[in-house]
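>>> from the sequence below, what's the structure:
(one chain, ligands or ions: 2)
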Amino acid sequence: MAVAAASDRLFSTRQASGRLLYKLYFFIFLTGIISLLYFRLTHLLTTTHSYLWLVITLAEFWFGASWLFQQGFRWAPTFHTTYPEKLPASGGLPPVDVLVCTADADREPPALVANTLLSLMAYDYNANKLAYYISDDGGSELTFHAIYQASKFARDWLPFCRKYKVETPAPQVYFSKENAVAAGSGSRSFKQEYDVVKAKFEKMQLSIEKAGKMKKVPEETRREHKGFREWDSPVNPRNHQTILEVLLRGNGEDKDVEGNPMPLLVYVSREKRTGVPHHYKGGALNALNRVSSVMSNAPLVLNVDCDMHSNNSQSLLHAVCFFLDPKESHRIGYVQFPQSFGGITENDLYGNGVKRIYEIEFFGTNAHNGPMYAGTGSVHRRESLNGRKYDPNVPIKLEDKSVKGSRDWDVLESKAKALTGCKYEEGKPWGKDMGLVYGCAVEDVFTGLVFHSRGWESVFCSPERKAYLGLAPPNTNDTLIQHKRWSTGLLEVFLSDYCPWTHGVGRLKLGQILCYSFYTLWALWCLPMSVYGFVPALALVKGISLFPEVSNPWFIVFAFLGIASHLFSLGELMWAKGTMKSWWNETRMWMMKGTSSYIFSVTVIILKTLGISEPGFEITSKVIDEEALKRYKREIMEFAVPSPMFIPPATLSLLNAYSFLKALVTLVKTGLGGVDLLLLHLVISGYVTIISLPLYEAMFLRKDKGRMPTSITVYSVGLVLAILFLSSFFM
Ligand SMILES: O=c1ccn([C@@H]2O[C@H](COP(=O)(O)OP(=O)(O)O[C@H]3O[C@H](CO)[C@@H](O)[C@H](O)[C@H]3O)[C@@H](O)[C@H]2O)c(=O)[nH]1
Ligand SMILES: [Mn+2]
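Ligands and ions are numbered 1, 2, ... in the order given. Predicted coordinates:
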């Protein structure tokens, strides 16, 4: 093989500077952890409360282990830069099939789906090389209607975007009140066109909104497209025939208002039958994969969730740089863009901006075979998606085997329909050796791990202008439920045949194993977090010390680890342009997830192992009422629903407040002598108490609808009393 000249390269790679300093910090911190465990173990038998001591030691051991896993992200942050200007002209670019998923017209408003679709259709790319497939697991006429309306509006929207290089290419954002810049500037002809396109957009929005309110599509619209006839009799989302409609014919057959070709657009709602497993999103994507293989069969496949619109019309070009690179492209299975979110408040109340993952950690994965597959904003090579293993001896090029020539769309529709039957996959390798892998609530990370185990590399591509902006859960309950799904799914990955500790050895790099260990064992945080939340507080109530006194030299080790880890995580988030308060909020949510989502997910996994129940996919709601939105914008935590997820964190916060205040009162009465013995207990309980202030407010002070439901407060107070009572038997 000829060696590629540096000037031909389409991307370059560099590592972060200052790594020597980081390594120094690493060794000091590691020494700290080892010393702490040494202290714990050597004092285990001499302390009066050995079993409490042991429990705390195990918790600290797991904190230490998690820190070690995190080194996979921290050791060598690695950045890629792409050179799209060096790409061949648009005729030479590879075709791309874009797969979009939606599942529930109530939780995922049709207008949102239309907006996402339009933003993706506006890519700066040769329209003849693009094909769009949307999977609707809700089988909803309202969603179909919205997509139909979008296909009509696209005839104006796409040429407008192309002509004026529109960014953000999502019409809902571009025409929003907040985006006054767009309307205010530009030539007269621009303003004229802007007004025309905006009016058409508003008309489309109105028709989608109206249909949504009436729960019905007007008859005159229904007559415009044969697809609506599928809903002549009601469609049950869990039991229906395949619905598959070509809305825009590609291949230059449908044209926009300026006479340019439009990309192909196909609506698919795969067949569902009661009792036949459909494998949620993984099943939906595999069905789209097959449909696309007969209709366009592009060598690259981008998949995006319906709640994540494109924010950068250039992102496909960035992704293609990796697949066309003359030197390293043959190893790359997929390109992952970060998940970024719109509408996150300044201090990211629920930590859902996930900056730490996508602005810090994922760069670290670039050093060892690349990031996990995050389920949205990822461009896959069709071949790796379809199960091909990477073979270093057969470097493959991106081959264009796409469908060419004129097409009979009716024939293609029926051909594709045959591939979406609910029993089609029976006895076939789909879900195991082909496509997205089934059997786990995070089909994305699982599938990525399987690809990595097959030898493929991935790359994390993070252009300056964010590639996608999504919707994050805007309340406590949805956040905790989402994290329950994630941590459950991740633990399923760890317990699967692809466990990074067994199957991964020899197939994955060490750093990669560390990264996968950190994520897949996320749920186990619940153990050390609950121990640290409950044990020191209970011990404090009894005046039992489980930490070295201040006058003991070992105290320094604890103080150092506690302070350094907090300062480090704060510094990191500030580096990612977070605020001090966002760090504080993130820490609070971390504690709440640790004692809620993760406990629930461990329980779910135990139930699954015992064969009692199977975890599903709880879709996060993408709608918010006006009152709640106001509170969200003011960064007031939303509880509102009597969710069992709130009980453990509420209990924990109350217990710590009680023990902290009780200890303070005792200290005042008996003098400060006790501080020497109990300082670390006071610090821990005080810390939990202060970080829980919004919870106390929600339980006892607030009157609004978002407050903590009284039933949860009552349960939690009851639990605190019970725990205090029970603890007196073993402390
Ligand atoms: O039966 C289903 C369930 C969900 N979805 C779609 O899956 C996507 C993700 O669902 P969402 O409720 O938005 O979950 P999130 O927690 O926001 O999703 C994150 O976590 C998922 C794994 O749990 C990944 O698949 C996603 O890409 C990732 O963004 C949405 O487009 C849904 O329409 C389906 O198509 N079919
Ligand atoms: Mn989502």
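>>> contact partners for the closest residue to ligand 1 within the chain?
As assessed by Cβ to the nearest ligand atom, ligand 1 sits closest to residue 375 within the chain, at 2.3 Å. Bear in mind the C-beta positions are built from the backbone N, C-alpha and C, glycine included. Counting by Cβ atoms under 8 Å, 6 or more residues apart in numbering, residue 375 makes contact with 281, 303, 305, 442, 443, 444, 445.
>>> repeat that with 7 Å
305, 444 (Cβ atoms under 7 Å, 6 or more residues apart in numbering).
>>> ligand 1 contacts on the stretch 351-500 of the chain?
375, 376, 441, 442, 444, 482, 485, 486, 489 (Cβ under 6 Å from any ligand atom).
>>> what do you get if the cut-off is 8 Å, keeping everything else the same?
Residues of the stretch 351-500 of the chain found near ligand 1 (Cβ under 8 Å from any ligand atom) are 374-376, 441-445, 470-473, 482, 485-486, 489.
>>> re the thing from before, check which helix or strand covers the residue of the chain closest to ligand 1.
Assigned by DSSP states H and E, residue 375 falls within no helix or strand.
>>> mind pulling up the pLDDT for it?
For residue 375, the pLDDT comes out at 97.
>>> and the gap between it and residue 443?
According to Cβ to Cβ, to the nearest Å, residue 375 stands 7 Å off from residue 443.
>>> near ligand 1, which residues of the stretch 551-700 of the chain are found?
Selection of the stretch 551-700 of the chain residues close to ligand 1 by Cβ under 8 Å from any ligand atom yields 617, 618, 619, 620, 622.
>>> which residues of the stretch 51-200 of the chain fall in strands?
In the stretch 51-200 of the chain, the strands defined using DSSP state E, counting those that start in this stretch lie at 78-82, 96-102, 130-136.
>>> against which helices or strands is the first one packed?
Based on contacts counted as 3 or more Cβ pairs under 7 Å, 6 or more residues apart in numbering; DSSP states H and E, the elements that strand 78-82 packs against are strand 11-15.
>>> ok, which stretches of the stretch 201-350 of the chain are helices?
Under the criterion DSSP state H, counting those that start in this stretch, the stretch 201-350 of the chain carries helices at the ranges 219-222, 280-295, 315-324.
>>> packing partners for the longest one?
Helices and strands touching helix 280-295, as assessed by 3+ Cβ pairs under 7 Å, 6+ apart, comprise strand 96-102, strand 130-136, strand 264-269, helix 409-417.
>>> mean neighbour count and mean pLDDT for the ones you listed - can I get that in CSV?
As requested, the helices and strands packed on helix 280-295 are exported to CSV (neighbours: other Cβ atoms under 10 Å; pLDDT from 0 to 100):
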stretch, mean neighbour count, mean pLDDT
strand 96-102, 26, 98
strand 130-136, 27, 98
strand 264-269, 26, 98
helix 409-417, 15, 95
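>>> could you dump the ones you listed into CSV and include distance to residue 247?
Output for those, formatted as CSV (distance: least, Cβ to Cβ, whole Å):
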stretch, distance to residue 247
strand 96-102, 13
strand 130-136, 9
strand 264-269, 4
helix 409-417, 11
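>>> out of these, which is closest to residue 331?
Proximity to residue 331, assessed across the helices and strands packed on helix 280-295 by Cβ to Cβ, is greatest for strand 96-102 (19.7 Å).
>>> Provide the contact partners of that closest one at residue level.
Against strand 96-102 from outside (Cβ under 7 Å, 6+ apart): 108, 113, 116-117, 120, 129-136, 138, 143, 281, 284-285, 288, 292, 296, 298, 300-306, 316.
>>> PyMOL command to pick out the buried ones of the residues you listed?
Under the burial definition 16 or more other Cβ atoms under 10 Å, those of those that qualify are selected in PyMOL by:
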select buried, resi 108+113+116+117+120+129+130+131+132+133+134+135+136+138+143+281+284+285+288+292+296+298+300+301+302+303+304+305+306+316
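>>> make JSON lines from the helices of the stretch 201-350 of the chain and add mean pLDDT to it.
Listed next are these as JSON lines, based on pLDDT from 0 to 100:
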{"stretch": "helix 219-222", "mean pLDDT": "97"}
{"stretch": "helix 280-295", "mean pLDDT": "98"}
{"stretch": "helix 315-324", "mean pLDDT": "98"}
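>>> and these as a markdown table, adding distance to ligand 1?
Formatted as a markdown table, the helices of the stretch 201-350 of the chain follow (distance: least, Cβ to the nearest ligand atom, whole Å):
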| stretch | distance to ligand 1 |
| --- | --- |
| helix 219-222 | 24 |
| helix 280-295 | 4 |
| helix 315-324 | 16 |
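>>> redo the ones you listed as TSV? Include distance to residue 458.
Putting these into TSV (distance: least, Cβ to Cβ, whole Å) gives the following:
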stretch	distance to residue 458
helix 219-222	43
helix 280-295	17
helix 315-324	9
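>>> ok, back up a step: now the residue of the chain closest to ligand 1, what are its backbone angles?
Per-residue torsions, residue 375: phi 90, psi -20 (degrees, to the nearest 10).
>>> excluding chain neighbours, what is closest to residue 421?
Once flanking residues are discounted, residue 421 sits nearest to residue 271: 5.0 Å by Cβ to Cβ, 6 or more residues apart in numbering.
>>> need the contact list for that neighbour.
By Cβ under 7 Å, 6+ apart, residue 271 lies in contact with 240, 241, 242, 420, 421, 422.
>>> burial count for residue 557?
Residue 557 is flanked by 20 other residues according to other Cβ atoms under 10 Å.
>>> residue 544 in helix, strand or coil?
coil (DSSP: H, G, I helix; E, B strand; the rest coil).
>>> mind listing what it touches?
Listed by Cβ under 7 Å, 6+ apart, the contact partners of residue 544 are 49, 731.
>>> so residue 662 makes contact with residue 538?
No. Judged on Cβ atoms under 7 Å, residue 662 makes no contact with residue 538 at a distance of 11.2 Å.
>>> who has more neighbours out of these two?
Between residue 662 and residue 538, residue 538 has the larger neighbour count (other Cβ under 10 Å), namely 23 against 15.
>>> which SS class is that one?
helix.
>>> give the contact list for it.
Taking Cβ under 7 Å, 6+ apart as the test, what residue 538 contacts is 727, 731.
>>> repeat that for 10 Å
The neighbours of residue 538, taking Cβ atoms under 10 Å, 6 or more residues apart in numbering as the test, are 52, 544, 546, 655-656, 659, 681, 685, 723-724, 726-728, 730-731.
>>> which of these lies closest to residue 258?
The closest of those, once distances to residue 258 are taken by Cβ to Cβ, is residue 656, at 64.8 Å.
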